[in-house]
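[1] take a look and give me a structure for this.
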Amino acid sequence: MTTSTTFLGLGAMGSALATAAIDGGGPTVVWNRTAHRAEALAGRGATVAETVAEAIAGDGVIVVCLFDHESVHDVLDPVATGLSGRTVINLTTTTPNESREFATWAAERGVTLLDGAIMAVPEMIGGPGSAILYSGSPTAFAQHRALRDLWGTSSFLGTDAGLASLHDMAMLAGMYTMFAGFLHGAAMVGAAGVPAAEFAHRQAPFLAAMAGQLGGLAATIDAKDYTGDGQQSLRFTETALATLLRATIEQGVDPVVLEPVHDVVRRQIAAGHGEDGTARIFEELRSAR
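    Numbering: from 1, shown residues only. The predicted structure follows:
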């Protein structure tokens, strides 16, 4: 890397991204609203800008990693005229429509936008397992491979700027519900004095094995065949969930995590789909729009 890269936002993730760029040998400019966050990077060789206008004064790519969509506008709107002809890689967590709105904003101001979703925690950046999804400008994606490779594995999902965020949000939905399920289970066994660490030791390989079922569920959904052989029926699932809810209450645990799943299964049964496979709840979730 020979051209300068500017980083706006030096939270935990922004600092990790900038550190990887510095370690990659490229000249790096950094800015953060709270200036002291830049001190460690200055010690590694980064140039610290006092203002956003100063930070973007060069001609290199601008990497934005801020708190939220509103923060992106707060920081960039005042310097929009200075961004014309520049490339911005926005790695701020946003919703798909927020990413699309920013893409429109960028296009109207002559800015080339590459929107990204980081599928890693800061400690993983530049190491095994770090992955970033991108959408927006294919030209920007191709031109900045050297920078992208410093952070992790890259995937380009398409010219719709909202696609990276959409996949990010969809994958996080699975992650957060998995974490909630683990915490629910830990609370259940915790009521019997079992340490959470002991439960995690048993739960982790079980969840990994269950993840192997996702491909089959996906094939069922794509084929819209909810009556094929080998599928666990909604009626069976409802019975299992009802038993699980009773056990939850017996252990003095709040059933709030499980009740919504039980409810959607019961609605499908009430609609006459009790003998269909459990994957059919996808149709109800999708039709909720």
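
[2] per-residue pLDDT of the closest residue to T112 other than its chain neighbours, please?
    Of all residues not flanking T112 in the chain, T87 sits nearest, at 4.4 Å (Cβ to Cβ, 6 or more residues apart in numbering). No exception for glycine: its C-beta is placed from N, CA and C like everyone else's. On the pLDDT scale, T87 is placed at 98.

[3] same check on G58?
    pLDDT at G58 comes out at 88.

[4] can you confirm G126 is in a helix?
    No. Going by DSSP: H, G, I helix; E, B strand; the rest coil, the assignment for G126 is coil, not a helix.

[5] so it touches L150, yeah?
    Yes. Counting by Cβ atoms under 8 Å, G126 touches L150, with 6.0 Å between them.

[6] and the strands in the stretch 101-250 of the chain?
    All strands of the stretch 101-250 of the chain, identified by DSSP state E, counting those that start in this stretch, fall at 112-118, 131-136, 153-156.

[7] residues in contact with the second one?
    What that stands for is strand 131-136. Outside of strand 131-136, the residues within contact range by Cβ atoms under 8 Å, 6 or more residues apart in numbering are 91, 99, 103, 113-120, 141, 148, 151-165, 167-168.

[8] list the buried residues for it?
    I132, L133, Y134, S135, G136 (16 or more other Cβ atoms under 10 Å).

[9] repeat that for the last one.
    Using 16+ other Cβ under 10 Å as the test for burial, strand 153-156 gives S154, F156.

[10] how far does that strand sit from the chain's center?
    Chain-centre distance of strand 153-156: 14 Å, with Cα atoms, centre = their mean, to the nearest Å.

[11] go on, the longest one?
    The chain centre lies 13 Å from the centre of strand 112-118; the measure is Cα atoms, centre = their mean.

[12] for it, packing partners?
    Under the contact criterion of 3 or more Cβ pairs under 8 Å, 6 or more residues apart in numbering; DSSP states H and E, strand 112-118 touches strand 87-90, helix 96-108, strand 131-136, helix 138-143, helix 163-190.

[13] as CSV, the ones you listed with distance to P255 would be great.
    Below are these laid out as CSV (distance: least, Cβ to Cβ, whole Å):
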stretch, distance to P255
strand 87-90, 40
helix 96-108, 32
strand 131-136, 35
helix 138-143, 45
helix 163-190, 8
